[in-house]
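Student: how would this look folded up:
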Amino acid sequence: MTENKSSFHSALVVSNICNHISITLEMENVQYSTWVELIKIITRSHKVLHHIIPPEKPTVLTSEDEKELWSTLDDTILSWIYATISNDLLHTIIEPDTTIMDAWNRLRDIFQDNKNSHVVTLEAEFSNTKMENFPNVSTYVSV
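Tutor: Residues are numbered from 1 along each chain as shown. Presented below is the predicted three-dimensional model:
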């Protein structure tokens with residue numbers, strides 16, 4: 001990390017994360033993979049990816065300044081997550097005194113745990129879609 005309490009960190013100047021993450025993650029729209037990639041890009045570009053994806057060698061915080069900066073960055077990235085998800089998801093994952101890693105893992109669990117059941121549901125919908133229920137082939141294909 002850094003030894004100087006007044007050190008500049010680029011992640012702290014991102015005033016509106018929605019300028020960088022153009023989608024809102026919602027339960028209804030399956031955009032989780034896209035949203036994750038966008039979050040990874042912004043966290044990599046600001047050198048804070050290790051807050052959501054632990055490095056192979058754990059970060060050791062030795063000074064109080066390093067611990068304070070880590071906490072500040074953690075809260076900053078957490079606010080990015082909260083600003084880019086729907087209100088329903090926010091109310092599902094938000095808890096007092098949570099870390100970004102906790103919120104990140106909760107979101108992963110919501111979307112990844114549902115993956116198999118979602119595939120089964122989509123396959124069932126597809127199998128039950130009949131061409132005769134549509135006025136023409138173009139409408140059928142666009143579904």
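Student: all contacts plus neighbour counts: C-alpha atoms, from now on.
Tutor: Fine.
Student: those helices in this structure, which residues are they?
Tutor: Ranges of helices in the chain, per DSSP state H, are 32-45, 64-83, 87-93, 100-113, 115-127, 137-142.
Student: if I look at Ser45, how far off is His9?
Tutor: 12 Å (Cα to Cα, to the nearest Å).
Student: and what of Leu49?
Tutor: Distance from Leu49 to His9, counting by Cα to Cα: 13 Å.
Student: wait, isn't Thr99 in contact with Thr76?
Tutor: No: assessed by Cα atoms under 8 Å, Thr99 is found out of contact with Thr76, at 10.4 Å.
Student: May I have stretch 95-104 exported as CSV, CA atoms only?
Tutor: What follows is stretch 95-104, C-alpha atoms only, in CSV (Å, rounded to 0.1, in the frame of the first residue of the first chain):
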residue,chain,number,x,y,z
GLU,A,95,-25.8,-5.0,5.5
PRO,A,96,-24.2,-2.8,8.2
ASP,A,97,-20.4,-2.7,8.3
THR,A,98,-20.0,-4.9,5.2
THR,A,99,-16.9,-5.0,3.1
ILE,A,100,-16.7,-4.8,-0.7
MET,A,101,-15.6,-8.5,-0.7
ASP,A,102,-18.7,-9.5,1.2
ALA,A,103,-21.0,-7.5,-1.2
TRP,A,104,-19.1,-8.8,-4.3
